[in-house]
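> Here is a sequence with its predicted model. Questions after.
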Amino acid sequence: MPLDPDAEKLRVLLKDMPAYETMTPEAVRKMTSEGLALLSYEGAEVASVETRDIAGVSCVVATPLGDGPFPVLVWFHGGGFVLGTAPLVTFTARDLAAGAGCVVVSVDYRLAPEHPFPAAHDDAVAVTTAVVADPAALGGRSGAVAVGGDSAGGNLAAVAALAVPGLCYQLLVYPVVDGTLSYVTDGDIADGYLLTASAMQWFADLYLQGADRKDPRASPIFATDAELARTCPAHVVVAGYDPLRNEDLAYAERLAAAGVPTEVTRYDGQMHGFFTMGGTLPTGAAALDDACAKLRLAFSSGA
């Protein structure tokens with residue numbers, strides 16, 4: 001399947017962007033923040049957006065219109081564990097809150113290389129544990145807490161789902177699940193798009209540094225069958241033109257084989273990053289709408 005025409009226009013527009021691995025983390029952060037400002041938008045209307053400290057971690061909390069208590073989604077932004085902040089992607093929190101009718105807790109976890117593994121993992125688990133323990137503090141309701149994230153944030157959602165009992169759902173959007181990068185083997189998706197195989201190596205080196213790359217807290221695909229079997233139902237979003245494609249499909253297969261209700265939605269014409277680019281890529285907006293519909297169902301059914 002060819003690359004989506006809108007995604008192709010974006011790829012051409014960004015083709016002269018320097019490769020991440022040729023720059024310092026500080027320079028890449030500046031470049032991506034400036035680019036995100038051009039691609040982002042305000043997001044959907046919600047009742048409120050505020051910054052809250054949860055378990056010692058700063059979080060952006062978006063509350064939907066209407067009367068609570070609401071379900072709660074703990075959300076983790078992407079950026080290879082090196083880039084991005086929760087405030088920069090407030091538009092995504094707004095869209096998810098409005099679309100799924102839930103409070104969204106967007107976690108501003110610590111970034112590498114200043115804070116290497118397991119800092120981001122620890123922040124993710126701490127916030128998720130606190131929200132599950134007391135959702136009412138956020139206007140949420142008990143038994144209706146989910147986790148989700150895109151890319152590196154998908155990794156943090158997956159590891160939080162493995163570590164924290166009491167969750168009803170996990171939304172994993174092209175998640176990073178294998179720190180060994182052993183699934184990146186296809187030449188057609190390794191290079192030339194927003195995320196490349198060499199950029200993945202750069203991110204992994206900065207985040208994991210001397211850590212064991214098969215530690216399930218960093219690479220959930222190496223969790224045991226018993227650990228996977230205890231996690232909550234999952235929805236895995238996969239992009240066709242994405243170096244993470246194979247590991248995402250493999251992780252979904254492992255979850256399903258362990259008896260976890262798992263749904264995979266493939267967007268074969270899309271590349272990494274599309275889900276949070278709904279202001280630029282129509283398929284991204286459609287994918288987010290679909291994910292919100294699945295979240296609503298999970299929240300209502302107590303899945």
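Ah, there it is.
> hey, let's count contacts and neighbours off CA atoms from now on
Fine.
> Flag the shaky bits of the stretch 1-150 of the chain, pLDDT-wise.
Counting by pLDDT under 70, the stretch 1-150 of the chain shows low-confidence ranges at 38-40.
> Show me the helices in the stretch 201-303 of the chain, by range?
Taking DSSP state H, counting those that start in this stretch as the criterion, the stretch 201-303 of the chain contains helices spanning 225-229, 245-257, 282-301.
> how about the first one as PDB, C-alpha atoms only?
Coordinates of each C-alpha in helix 225-229 appear next as PDB, following Å, rounded to 0.1, in the frame of the first residue of the first chain:
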ATOM      1  CA  ASP A 225       3.700 -15.000  29.800                       C
ATOM      2  CA  ALA A 226       2.400 -14.800  33.400                       C
ATOM      3  CA  GLU A 227       3.100 -11.100  33.600                       C
ATOM      4  CA  LEU A 228       1.400 -10.400  30.400                       C
ATOM      5  CA  ALA A 229      -1.600 -12.500  31.300                       C
END
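> where do the helices sit along the stretch 51-200 of the chain?
Taking DSSP H, counting those that start in this stretch as the test, the helices found in the stretch 51-200 of the chain are 90-100, 119-133, 152-163, 187-190, 197-208.
> Show me the one of these that comes nearest residue 288.
Evaluated over the helices of the stretch 51-200 of the chain, closeness to residue 288 peaks at helix 90-100, with 7.5 Å, by Cα to Cα.
> Which residues does the strand or helix carrying residue 35 contact?
Using DSSP states H and E, the secondary-structure element containing residue 35 is helix 25-39. For helix 25-39, the surrounding residues in contact (Cα atoms under 8 Å, 6 or more residues apart in numbering) are 20, 82, 83, 84, 88, 113, 277, 279, 280.
> out of the residues you listed, which are buried?
20, 82, 83, 84, 113, 277, 279, 280 (16 or more other Cα atoms under 10 Å).
> now the fifth one: how far from residue 29?
Put plainly, it is residue 113. Distance, residue 113 to residue 29, using Cα to Cα, to the nearest Å: 12 Å.
> now do the third one
Here the criterion is Cα to Cα. By it, residue 83 lies 6 Å from residue 29.
> buried ones in stretch 26-44?
Residues 28, 29, 32, 33, 40, 41, 43, 44 are the ones in stretch 26-44 that count as buried (16+ other Cα under 10 Å).
> residue contacts, the nearest residue to residue 59 once chain neighbours are set aside?
Among residues not flanking residue 59 along the chain, residue 107 sits closest, at 4.5 Å (Cα to Cα, 6 or more residues apart in numbering). Remark: with contacts taken as Cα under 8 Å, 6+ apart, residue 107 is in contact with 57, 58, 59, 60, 74, 75, 76, 77, 86, 124, 127.
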